[in-house]
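K.L.:
got a structure for you, letters missing:
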């Protein structure tokens, strides 16, 4: 049965993907170090070939950072990625154990690797609690997987009871890997090829171009996925589009996070962002004004050199603050760092509109 969500399509979704579809999966970027040099790698300059760690947008300096992020979105699972996770194997094992111990055995963990680990490493991963492994073989092996070291890794991982799959970008010759996935009875996850700052030059040199001016998708990538699904209707297959990641997966994670972290006065938008008002200036003077105007304490909060409050509260008291303080409406992501999406200054013209 073919399932279509947004512009993605699939005949099979592994557990890791199902949780992503719900916005319930964290991404543990465990290192930017990697021995490969894939031309399509989209990892940013800030992370690429650097031993840095992030859990979603949050930098990781301790175990507590990982658990804080998990609780902020009530995460049901974690995807471990990089770089190459197996270059920091002990770190991988330690944090798999941490997640399972603190979030429960049902917390689903999958990992991506471009290596073909031996049975000892796979046994260690399984014993730590890894549920699903996704192999990312180099492009030159796609048409001879059965004769590569990945064949043994796939067999051993299956014997150990892990869910096993292949995950590659949906580019020319991706169809060459499908017979191996079908023969081994493992799933195939194809990601729509995307342009990024770090891979744009390499993609253009190989003849790839943007699908349109609004998305980062490469022209032709989706068509390759459709051709593979038509040619191999019985393979366990999923095509994950660039648009799906932005419009569905991210939005659902933001909504999930906002539901947990939003304050009394934050309004959650349909995109999962938070909307509220801001007054900047002398904090003591602003708080004194709030009290004088009878604004309930749960509808405003002093943060640094400003007071954040319900947008409707700011609208109600606009005439009292517009000549005394710089004020504006603000929209931000509910994630770590609260990245600001937009600020709209409070003006005479804006006083009666949201």
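P.N.:
Structure received. On a predicted model such as this, the values are computed, not experimentally measured, just so you know.
K.L.:
residues in contact with residue 52?
P.N.:
Contacts for residue 52 (C-beta atoms under 8 Å, 6 or more residues apart in numbering) come out as 29, 31-32, 46, 59. C-beta coordinates here come from the backbone N, C-alpha and C atoms, glycine included.
K.L.:
avg pLDDT for stretch 205-223?
P.N.:
Stretch 205-223 shows a mean pLDDT of 89.
K.L.:
same question, stretch 112-121
P.N.:
Mean pLDDT, computed over stretch 112-121, is 98.
K.L.:
figure out how far that stretch is from the centre of its chain.
P.N.:
Relative to its chain's centre, stretch 112-121 lies at 23 Å (C-alpha atoms, centre = their mean, to the nearest Å).
K.L.:
can you pull the buried residues of that stretch?
P.N.:
For stretch 112-121, the neighbour count (16 or more other C-beta atoms under 10 Å) marks 112-117, 121 as buried.
K.L.:
need those residues in TSV with secondary structure, can you?
P.N.:
Listed next are the buried residues of stretch 112-121 as TSV, based on DSSP: H, G, I helix; E, B strand; the rest coil:
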residue	secondary structure
112	strand
113	strand
114	coil
115	coil
116	coil
117	coil
121	helix
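K.L.:
in those, find the pair that's most separated.
P.N.:
The two members of these with the most space between them (C-beta to C-beta) are 112 and 121, at 14.7 Å.
K.L.:
spatially nearest residue to residue 13, not counting backbone neighbours?
P.N.:
In this structure, residue 13 finds its nearest non-sequential neighbour in residue 238, 5.8 Å apart by C-beta to C-beta, 6 or more residues apart in numbering.
K.L.:
hmm, residue 263 is touching residue 303, no?
P.N.:
No: when contacts are counted by C-beta atoms under 8 Å, residue 263 is not listed as touching residue 303 (10.5 Å).
K.L.:
the more surrounded of the two?
P.N.:
Remark: of residue 263 and residue 303, residue 263 carries more neighbours, 14 against 11, as counted by other C-beta atoms under 10 Å.
K.L.:
gap between that one and residue 247?
P.N.:
26 Å (C-beta to C-beta, to the nearest Å).
K.L.:
go ahead and name everything in contact with stretch 251-268.
P.N.:
21-25, 56, 71-74, 271-276, 298-301, 308-311, 313, 333-335.
K.L.:
7 Å - rerun?
P.N.:
Stretch 251-268 is contacted from outside by 22-24, 72-74, 271-276, 298-301, 309-311, 313, 333-335, using C-beta atoms under 7 Å, 6 or more residues apart in numbering.
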